[in-house]
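Trainee: could you look at this predicted model? Sequence included:
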Amino acid sequence: MSGRGPDFLGIGAQKAATTWLYRNLARHPGIWLHPEVKEFHYFDDRDDLIGQTLWRKLRGDSRADIRWRRRMRRRLGQARLSGLGWEARFYLRRPSDAWYLSLFDGAGDRVAGDLTPSYLPLSGDEIRHIHSLLPDLRLVMMVRHPVERIWSAMAYFRAQGKGRTWEDVPREKVLRFLDSDNVRDMTDYAAALERWSGVFGSDRVFVGFTDDVTHHPGRLVEDVQRFLGVEPEVDESLLGDRINWTSHRTMPGWAAAHLAESTRGWLDGLERMLGGHTAWWRFSTERLVDWPADDELIYPLLDGPLWQEWLQAGGTDRYASGVLAELPAEGEWRTANGE
């Protein structure tokens, strides 16, 4: 099959600093990321895209059709002529596996990537299909405190809906969003890592904690670059950017307690698999379970008193990201860091 395809995929998670990572990696001269298209959405929309005609793109109601029209409107609103050849292929040709692989031909000998967080919950069959096309692929997965990730998704999507916040929405509707299958699937990191590493191998998966974006951004970018096979080169001016950061800096106690109760069951598997900052996630989640419903929390949690309580209790902000095969279990991580 013609077309070089990407060398790596960013497979998630949504609202876990993937846009921050994209901007930092895009500055590296040895890495190719399309300047306008961060998320290709090929593998998550593949069933809708295969055989998609121009007429369907213009009139269809599938998620892929709606995304195409939104992207096309945005592109038509830009007064520039550069990149027209690539964009004619991207927007106008009929999607297929060969079409997707050809979108990366312009990368040349640079390391090429597609950062689409919606790939995280893909099924085993879908992942095996990707492996059949790109057996040497490397994978980068950013992970965030489950309570924070879900609340951030809710706050972000509410803000997209005519400027509304969660305060404008009935509580029962907010809870339905927080408990929706799509939101949960996007946050079940352990299950996703088992599916992806089961096909590609744990040595092909880099796990980045958003906690390290806050405390060790330069080291995290350097380690991802090394994992991708390029000499580290960091633009320090980008390290402190908070991309797509919600302007609503609190979380209601009733939502925090609900999310803590409904996500705490995931933490056992995550601690065994990732160690590191999952200990902080456990600590804060256990305290949030009984949080007063009428009290608001500072959000994100790293900016609030729970984080200070964690540090005072002997917790750590030490760096924890790395290749999945090399991440120590929680007990080993504490021992390695002198605890």
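Mentor: Received the coordinates, thanks.
Trainee: any regions of the stretch 201-339 of the chain where pLDDT drops low?
Mentor: Low-confidence segments of the stretch 201-339 of the chain (pLDDT under 70): 241-248, 329-339.
Trainee: any chance you could map the helices in it?
Mentor: 210-215, 217-228, 253-263, 267-274, 278-288, 305-312, 330-336 (DSSP state H, counting those that start in this stretch).
Trainee: buried deepest among the ones you listed, which one?
Mentor: helix 210-215 (a mean of 22; mean count of other C-beta atoms under 10 Å). C-betas here are computed from N, CA, C, even on glycine.
Trainee: using CSV, list the CA coordinates for it.
Mentor: Output of helix 210-215 as CSV, limited to C-alpha atoms (Å, rounded to 0.1, in the frame of the first residue of the first chain):
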residue,chain,number,x,y,z
THR,A,210,-0.4,15.9,33.1
ASP,A,211,1.0,16.3,36.7
ASP,A,212,4.4,16.4,35.0
VAL,A,213,3.2,19.0,32.5
THR,A,214,2.7,21.2,35.6
HIS,A,215,5.9,20.3,37.5
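Trainee: which residues does that helix contact?
Mentor: When contacts are defined by C-beta atoms under 8 Å, 6 or more residues apart in numbering, helix 210-215 is touched by residues 16-17, 20, 142-145, 219-220, 277, 280, 302, 317, 319-321.
Trainee: let's see that with 7 Å instead.
Mentor: The contact list for helix 210-215 (C-beta atoms under 7 Å, 6 or more residues apart in numbering) reads 16-17, 20, 142, 144, 220, 277, 280, 302, 317, 319-321.
Trainee: now the residue located most distally from the centre of the chain: which helix or strand?
Mentor: Distance from the centre of the chain peaks at Trp55, with 31.8 Å (C-alpha atoms, centre = their mean). Here Trp55 sits within helix 54-59, counting by DSSP states H and E.
Trainee: and that helix, what does it pack against?
Mentor: Counting contacts by 3 or more C-beta pairs under 7 Å, 6 or more residues apart in numbering; DSSP states H and E, helix 54-59 packs against helix 63-76.
Trainee: by contact count, what packs against the helix it packs on?
Mentor: Partner elements for helix 63-76 (3+ C-beta pairs under 7 Å, 6+ apart): helix 46-49, helix 54-59.
Trainee: and of those helices, who's closest to Met186?
Mentor: helix 46-49 (17.8 Å; C-beta to C-beta).
Trainee: mind listing what's buried along the closest one?
Mentor: Of the residues in helix 46-49, Arg46, Asp48, Leu49 count as buried by neighbour count, 16 or more other C-beta atoms under 10 Å.
Trainee: before we move on, the earlier item: just flag the most distant two among the contacts of helix 210-215.
Mentor: Most distant of the contacts of helix 210-215, by C-beta to C-beta, are Trp20 and Trp280, 19.7 Å apart.
Trainee: now do the SS call for Ala112.
Mentor: strand (DSSP: H, G, I helix; E, B strand; the rest coil).
Trainee: from Phe200, how far off is it?
Mentor: 17 Å (C-beta to C-beta, to the nearest Å).
Trainee: go on, Thr187?
Mentor: 21 Å.
Trainee: please say which of the two ends up with more neighbours.
Mentor: Per other C-beta atoms under 10 Å, whichever of Thr187 and Phe200 has more neighbours is Thr187, with 29 against 22.
Trainee: surely that one meets Glu148?
Mentor: No - with contact defined as C-beta atoms under 7 Å, Thr187 does not count as touching Glu148 (9.9 Å).
Trainee: what's in contact with stretch 301-309?
Mentor: Stretch 301-309 is contacted from outside by His145, Glu148, Asp211, Thr214, Ser284, Arg287, Leu297, Ile298, using C-beta under 7 Å, 6+ apart.
Trainee: need the CA coordinates for that stretch. PDB is fine.
Mentor: Extracted C-alpha coordinates of stretch 301-309, given in PDB (Å, rounded to 0.1, in the frame of the first residue of the first chain):
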ATOM      1  CA  LEU A 301      -6.900  20.100  42.200                       C
ATOM      2  CA  LEU A 302      -3.100  20.800  41.900                       C
ATOM      3  CA  ASP A 303      -3.900  24.400  42.600                       C
ATOM      4  CA  GLY A 304      -5.900  23.800  45.700                       C
ATOM      5  CA  PRO A 305      -5.500  22.700  49.400                       C
ATOM      6  CA  LEU A 306      -5.800  19.000  48.700                       C
ATOM      7  CA  TRP A 307      -2.400  19.100  46.900                       C
ATOM      8  CA  GLN A 308      -0.800  20.900  49.800                       C
ATOM      9  CA  GLU A 309      -2.300  18.300  52.200                       C
END
